[in-house]
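Colleague: build me a structure from this.
(one chain, ligands or ions: 2)
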Amino acid sequence: MATQLSSCSSTSSSPSAFIFSSLLNNEATLFRKFIIFPRKKHNPSWVCQVGSRNHGMKHFKLKSSNGHPLNVVSSNDGIAANPMTKDQSEPEEKIFSFSEQENEDSTISITVVGASGDLAKKKIFPALFALYYDDYLPKNFIVFGYARTKMSDEELRNVVSRTLTCRIDKRENCEDKMNEFLKRCFYHSGQYNSEEDFVELDNKLKEKEAGKIARRLFYLSVPPNIFVDVVRCASLKASSGSGWTRVIVEKPFGRDSESSGELTRCLKQYLAEDQIFRIDHYLGKELVENLSVLRFSNLVFEPLWSRNYIRNVQIIFSEDFGTEGRGGYFDNYGIIRDIMQNHLIQILALFAMETPVSLDAEDVRNEKVKVLKSMRPLLLEDVVVGQYKGHSKGGKSYPAYTDDPTVPNGSLTPTFAAAALFIDNARWDGVPFLMKAGKALHTRRAEIRVQFRHVPGNLYKRNFGTDLDKATNELVLHVQPDEAIYLKINNKVLGLGMRLDRSDLNLLYRARYPREIPDAYERLVLDAIEGERRLFIRSDELDAAWTLFTPLLNELEVKKIAPELYPYGSRGPVGAHYLAAKHNVRWGDLSGDD
Ligand SMILES: NC(=O)C1=CN([C@@H]2O[C@H](COP(=O)(O)OP(=O)(O)OC[C@H]3O[C@@H](n4cnc5c(N)ncnc54)[C@H](OP(=O)(O)O)[C@@H]3O)[C@@H](O)[C@H]2O)C=CC1
Ligand SMILES: O=C1O[C@H](COP(=O)(O)O)[C@@H](O)[C@H](O)[C@H]1O
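Modeller: Ligands and ions are numbered 1, 2, ... in the order given. Have a look, this model is predicted:
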């Protein structure tokens, strides 16, 4: 096993400063529960009914994933159907959870640990800039990069400035804003396990924080074997003495129940659970956020959300490229750990949960955990694994997974998996939840498909011929690309005859909202800053997800199950069709009528 957690047993317990910052953390959560929703942007007066503990908090706006009242969302009511209607094309209003006084007296310091790495450059710095550009960051903030690579502040700024263009460089005043942002970016080079180096970081942070109440967010964008070292050093030597300290932890959170449990145990030596923000960036995607809105705010869907009306649910992830450069990481994990155990199972839990008591993070996560704990053990016979092989097409050749020089010869690591899962509770008894995830397939897409049952005694069944499956309704949430929600319905073909047709009622985001969809990392980093935990993984959720997948993963490894080979760029192993057929399901993405 390549992943090793640094030992956490011989170290001292949490320092008092950390406990203090943890208390403040809880306090922030408490305040949030009493926050009322803001009124709309053009009505600047704010009312606040928060208790008197935070005297500076006279008026403030709330923004977080949880913070949008229904009345803030633009609706079509009274607005012409033109998608360019000004009201809809304007960005959402800026809503902050900090009072003006808080904004003056405090500062946010965001340290990106592993700042020289791929994720930091590709996602984290651009997300921070986008938040800054759109005025979502508080007035006083600084960003520190931390890694072993030697770099000056200026060099970091150069690196960052090159990556920032990927998001919003075409927008107004981008260059000025970028320069302003870059002035707030600094760098400190150090080892990940050196307390002295973190003392130096702490000194630099203090200097920039200039005596203000310091809220410190560490983003761990490093390989997992370094997580515990960083958390130890950061907690002991660089946590905030006056405000809160939070840590965003990137996946993978272990590679099975045991290693994940060990990671959690180690992290909790230094951090309270509510300081740990385990990120699953799929939960930050716009369409995944919309899943609960769609279900819980539409009477036409909520009553249908059970075994009574839903025949099967499909959660599908595919990429049209291979491991390209990440083979070393990937080979130790495989597609089940890389995609299914986290992104897809999180979507399943959100999809299937009972109505939470509220949108409070704990209420939502309580319901998700119940779903995960109700899952039937996953059997090998309900899983198909595959691995891509080399393929030539149109004079171009595509490599096999095992051609990657960082992948060991003869590797059996799956780059594709399909699984049939069941939730043994009253709502979902007998409904197959099919998952499919693969790399180097014919297309890049992520979607959730809900296939409904047949209409009983359908008056029009003659018009469908023998294939009644073609007549079932299907709801599709196209998570990416071309974000959309569409519902396949049956309708009459226009004309004097009586021929039936299948059409889509389609909410295509780019037509309805002609502005850029924020990146998932923007939403999640902002939530972490605001202490909103709903879209982060709680440790019991993580345990339950590993409990589901660990026996299967062990069995695959012990039995050395050979993956079915599929050509790079194909639709994946044919075994996935047999698996679906066994459960009386057809993959919706392959039906050809999308
Ligand atoms: N890249 C991606 O698209 C995604 C990444 N993730 C996760 O995010 C985290 C960061 O990913 P990514 O940026 O790709 O990782 P990288 O491999 O680029 O590593 C980030 C930085 O960590 C340091 N580092 C790398 N390997 C080691 C090592 N063996 N020992 C000590 N330091 C090391 C390097 O900095 P230096 O040498 O300067 O110290 C490197 O720049 C990982 O946990 C990954 O699983 C999750 C989802 C997607
Ligand atoms: O977590 C991961 O996600 C990416 C896919 O993310 P997306 O937002 O681009 O869909 C995947 O490529 C990677 O293997 C995995 O670790």
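Colleague: name the SS class of the closest residue to ligand 2 within the stretch 251-400 of the chain, please.
Modeller: Proximity of the stretch 251-400 of the chain to ligand 2 (CB to the nearest ligand atom) peaks at residue 338, 4.8 Å away. Just so you know, the C-beta spots here come from the backbone N, C-alpha and C atoms, and that holds for glycine as well. When classified by DSSP: H, G, I helix; E, B strand; the rest coil, residue 338 comes out as helix.
Colleague: spatially nearest residue to it, not counting backbone neighbours?
Modeller: Nearest residue to residue 338, sequence neighbours excluded (CB to CB, 6 or more residues apart in numbering): residue 330, at 6.4 Å.
Colleague: picking that back up, so how many other residues sit close to the residue of the stretch 251-400 of the chain closest to ligand 2?
Modeller: Taking other CB atoms under 10 Å as the criterion, the count of residues near residue 338 is 24.
Colleague: around ligand 1, which positions in the stretch 151-300 of the chain sit nearby?
Modeller: 192, 221, 222, 223, 224, 226, 250, 251, 252 (CB under 6 Å from any ligand atom).
Colleague: now the residues you listed as JSON lines including neighbour count?
Modeller: Formatted as JSON lines, these follow (neighbours: other CB atoms under 10 Å):
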{"residue": "192", "neighbour count": "25"}
{"residue": "221", "neighbour count": "26"}
{"residue": "222", "neighbour count": "24"}
{"residue": "223", "neighbour count": "16"}
{"residue": "224", "neighbour count": "23"}
{"residue": "226", "neighbour count": "17"}
{"residue": "250", "neighbour count": "22"}
{"residue": "251", "neighbour count": "18"}
{"residue": "252", "neighbour count": "20"}
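Colleague: residue in this protein with the shortest distance to ligand 1?
Modeller: For the chain, CB to the nearest ligand atom, closest residue to ligand 1: residue 117, 2.4 Å.
Colleague: quick check: the gap between that residue and residue 397.
Modeller: Here residue 117 is placed at a distance of 30 Å from residue 397 (CB to CB, to the nearest Å).
Colleague: now residue 417
Modeller: 25 Å.
Colleague: repeat for residue 513
Modeller: Counting by CB to CB, the gap from residue 513 to residue 397 is 40 Å.
Colleague: between these two, who's got more neighbours?
Modeller: residue 513 (16 against 11).
Colleague: got the confidence number for the more buried one?
Modeller: As predicted, residue 513 sits at a pLDDT of 92.
Colleague: returning to that earlier point: next, the residue nearest to residue 338: phi, psi?
Modeller: Main-chain torsions, residue 330, degrees, to the nearest 10: phi -60, psi -40.
Colleague: list the residues that contact it.
Modeller: Residue 330 is in contact with 323, 338, 407, 413, 415, counting by CB atoms under 8 Å, 6 or more residues apart in numbering.
Colleague: you'd agree the fourth one is up against residue 406?
Modeller: What that stands for is residue 413. No. Taking contacts as CB atoms under 8 Å, residue 413 lies outside contact range of residue 406: 11.7 Å.
Colleague: the more surrounded of the two?
Modeller: A direct count of neighbours by other CB under 10 Å for residue 413 and residue 406 places residue 413 higher, at 24 against 12.
Colleague: per-residue pLDDT, the more buried one?
Modeller: Residue 413 is assigned a pLDDT of 98 by the prediction.
Colleague: same deal with residue 466?
Modeller: 63.
Colleague: can you give me the pLDDT of residue 66?
Modeller: Per the predicted model, pLDDT is 52 at residue 66.
Colleague: no no, residue 72
Modeller: Value listed for residue 72 in the pLDDT field: 34.
Colleague: ditto for residue 501
Modeller: Residue 501 carries a pLDDT value of 88.
Colleague: adjust the sequence numbering to begin at 716 for everything that follows.
Modeller: All right, first residue 716 from here; so that's residue 1216.
Colleague: next, count neighbours for the closest residue to it other than its chain neighbours.
Modeller: Nearest residue to residue 1216, sequence neighbours excluded (CB to CB, 6+ apart): residue 1208, at 4.7 Å. For residue 1208, the count of nearby residues is 11 (other CB under 10 Å).
Colleague: equivalent analysis for residue 1200, please.
Modeller: For residue 1200, the count of nearby residues is 20 (other CB under 10 Å).
Colleague: what lines up beside the host helix or strand of it in the sheet?
Modeller: When elements are defined using DSSP states H and E, residue 1200 is found to belong to strand 1199-1207. For strand 1199-1207, the paired strands and their directions (DSSP bridges) read strand 1189-1195 (antiparallel), strand 1215-1223 (antiparallel).
Colleague: ranking those strands by burial, who's on top?
Modeller: strand 1189-1195 (a mean of 22; mean count of other CB atoms under 10 Å).
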